[in-house]
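**Q** coordinates only, sequence not included:
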């Protein structure tokens with residue numbers, strides 16, 4: 001979901017099911033004057049009621065136009081489109097490859113995107129490698145910063161051809177960009193990416209900050225006054241699963257400063273205030289979502305909102321879309337008891353905008369946040385009760401260990417991959433622990449299982465089992481454990 005710069009309109013993406021009820025690869029974009037309560041208007045490049053994969057919607061700086069990606073012209077091949085809501089849709093690009101990550105320049109004349117020319121269907125650190133046949137060779141597909149003229153559609157790649165760019169942000173002058181990038185194959189080198197400044201006029205990429213190998217950097221954001229670049233730095237297991245402290249570094253390069261040092265939370269997204277004096281950030285904190293503000297003159301952090309919800313458009317991200325003045329925000333909000341919907345309003349005072357999932361009801365029992373103590377200190381987790389729980393009965397319990405390990409079990413409506421949530425309707429407790437190595441309790445906690453996989457973190461999990469056994473009606477001889485990725489390793 002994206003809120004217009006003036007806070008008056010919203011644009012969001014919906015994922016409709018196929019006619020047989022199965023998940024569909026297609027998606028649809030809608031726009032709404034959310035404050036007046038008017039009916040949402042669909043924005044599409046498809047014709048005659050057809051459907052397509054349409055996403056990555058972003059407002060122009062003036063809030064009049066929308067840019068988005070659509071494969072309406074050729075299924076599986078996205079192109080860049082621009083529209084003034086209520087007017088005709090105009091196609092800007094005719095590229096072959098993977099497009100993502102749209103962003104307007106400050107003057108509204110240029111749209112930047114990430115482009116992998118002639119890319120196979122899936123590219124990235126977490127994507128399966130395409131099957132090679134015939135004479136086996138080596139082909140590296142680099143993701144490059146690409147600029148598109150918002151009027152003519154003229155396109156040019158502006159980052160070096162041997163550099164894979166993962167994320168980026170415009171400078172306020174609209175003439176430079178910053179981003180995270182690495183040489184070589186993108187799916188091998190994200191963990192050692194560096195922070196760059198890009199000059200489209202010359203094609204030059206200059207290193208702003210080279211982190212140590214023990215630190216991953218993500219979410220670069222150039223300050224509105226042009227002086228600094230903020231980013232999130234921490235121990236991260238996977239691209240896109242962001243968590244850590246907030247750093248700032250001079251835009252010309254230099255030594256970064258950890259402006260949130262000692263924070264007992266993990267920053268997940270960042271947005272500068274319009275005066276460059278503070279940063280609003282989404283955070284994972286004590287197994288919940290939070291929105292906080294960081295004053296850069298004092299490094300003081302104020303909590304703006306915190307709750308047992310998942311706040312954010314991305315499954316692996318916590319955050320909101322903010323209006324230019326920071327007074328209005330929009331997000332996708334969900335919890336164990338509430339399916340995902342679009343919400344908008346001042347931070348923490350959101351009102352529900354959509355009711356797409358109003359017919360969905362929980363098929364499981366209550367979910368409680370519980371805490372216990374080990375040699376690392378306080379550890380948190382979620383205990384999901386069986387449906388129709390009867391305290392006079394005994395129930396089996398299964399522990400579901402999250403992946404990463406740098407991630408966290410958070411409250412949210414189950415997705416198609418949340419297979420553990422099929423257990424409470426069948427009469428099981430499910431324990432969702434956040435042991436050391438997880439996000440949500442500070443960077444030192446996230447790093448606490450380095451060179452100790454299956455050691456201290458497993459002690460934390462087993463102590464959580466003991467904690468769950470005490471107040472709950474758990475059958476002590478009927479315990480199981482499961483997990484995916486790092487959770488599978490722990491299992």
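**A** Here it is on my side, so go on. Computed from a predicted structure; not experimentally measured. Numbers count the residues shown, from 1 in each chain.

**Q** so residue 185 sits against residue 162, correct?
**A** No. Between residue 185 and residue 162 there is no contact under CB atoms under 8 Å: 10.7 Å. Backbone N, C-alpha and C define where each C-beta goes, glycine included.

**Q** which of those two has more neighbours?
**A** residue 185 (16 against 11; other CB atoms under 10 Å).

**Q** how about that one, what does it touch?
**A** 140-141, 164 (CB atoms under 8 Å, 6 or more residues apart in numbering).

**Q** for residue 164, see how far away it is.
**A** According to CB to CB, to the nearest Å, residue 185 and residue 164 sit 7 Å apart.

**Q** hmm, back to that, tell me which of the contacts of residue 185 is nearest to residue 378?
**A** The closest of those to residue 378 turns out to be residue 164 (CB to CB; 39.4 Å).

**Q** what about the closest one, how many residues close to it?
**A** By other CB under 10 Å, 27 other residues sit near residue 164.

**Q** dump the residue contacts of the residue lying farthest from the centre of the chain.
**A** Most distant residue from the mean C-alpha position of the chain: residue 392, 41.6 Å away (CA atoms, centre = their mean). By CB under 8 Å, 6+ apart, the contact list for residue 392 reads residue 473.

**Q** and the strands in the stretch 351-491 of the chain?
**A** 351-352, 367-374, 377-384, 395-401, 429-434, 474-483 (DSSP state E, counting those that start in this stretch).

**Q** per-residue confidence for the residue nearest the centre of the chain?
**A** Central residue of the chain (CA atoms, centre = their mean): residue 317, 3.0 Å from the mean position. With respect to pLDDT, residue 317 scores 93.

**Q** residue 124 too?
**A** At residue 124, pLDDT is 51.

**Q** hang on, the earlier thing: so the residue nearest to the centre of the chain touches residue 282, yeah?
**A** Yes. Under the criterion of CB under 8 Å, residue 317 makes contact with residue 282 at 6.9 Å.

**Q** mutual contacts of the two, please.
**A** 268-269.

**Q** mind checking how far the residue lying closest to residue 200 once chain neighbours are set aside is from residue 367?
**A** The shortest distance from residue 200 to any residue other than its chain neighbours is 3.9 Å, reached at residue 158 (CB to CB, 6 or more residues apart in numbering). Counting by CB to CB, the gap between residue 158 and residue 367 amounts to 47 Å.

**Q** and if you look at residue 202?
**A** 54 Å.

**Q** can you check residue 439 too?
**A** Distance of residue 439 to residue 367, given as CB to CB: 19 Å.

**Q** buried stuff in the helix or strand of the chain with the lowest mean pLDDT?
**A** Ranking every helix and strand in the chain by mean pLDDT, DSSP states H and E puts helix 186-189 at the bottom, with a mean of 89. By 16 or more other CB atoms under 10 Å, the buried positions in helix 186-189 come out as 186-187, 189.

**Q** same question, stretch 58-73
**A** 58-61, 63, 65-72.

**Q** is it true that residue 73 touches residue 81?
**A** No. Under the criterion of CB under 8 Å, residue 73 makes no contact with residue 81, lying 9.4 Å away.

**Q** shared neighbours of these two, anything?
**A** Common neighbours of residue 73 and residue 81, counting by CB under 8 Å, 6+ apart, are 45, 91.

**Q** tell me where this protein is predicted with low confidence.
**A** Within the chain, the set of residues satisfying pLDDT under 70 comprises 121-138.

**Q** how about the helices in it?
**A** Under the criterion DSSP state H, helices of the chain are mapped to 186-189, 443-446, 456-469, 486-490.

**Q** and the last one, what does it pack against?
**A** With contacts defined as 3 or more CB pairs under 8 Å, 6 or more residues apart in numbering; DSSP states H and E, the secondary structure elements packing on helix 486-490 are strand 395-401, helix 456-469, strand 474-483.

**Q** go with 6 Å
**A** Other helices and strands packing on helix 486-490, by 3 or more CB pairs under 6 Å, 6 or more residues apart in numbering; DSSP states H and E, are absent; none qualifies.

**Q** so for that helix, what gets flagged as buried?
**A** So for helix 486-490, counting by 16+ other CB under 10 Å, buried means 486-487, 490.

**Q** go on, the longest one?
**A** Buried residues in helix 456-469, defined by neighbour count with 16+ other CB under 10 Å: 456-461, 463-465, 467-469.

**Q** same thing with stretch 76-94?
**A** 77-83, 89, 92-93.

**Q** cool, stretch 302-314 as well?
**A** Here stretch 302-314 shows 304-306, 308-313 as buried, counting by 16+ other CB under 10 Å.

**Q** and those residues as JSON lines, adding distance to residue 98?
**A** Listed next are the buried residues of stretch 302-314 as JSON lines, based on distance: CB to CB, whole Å:
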{"residue": "304", "distance to residue 98": "36"}
{"residue": "305", "distance to residue 98": "35"}
{"residue": "306", "distance to residue 98": "37"}
{"residue": "308", "distance to residue 98": "36"}
{"residue": "309", "distance to residue 98": "32"}
{"residue": "310", "distance to residue 98": "27"}
{"residue": "311", "distance to residue 98": "28"}
{"residue": "312", "distance to residue 98": "23"}
{"residue": "313", "distance to residue 98": "20"}
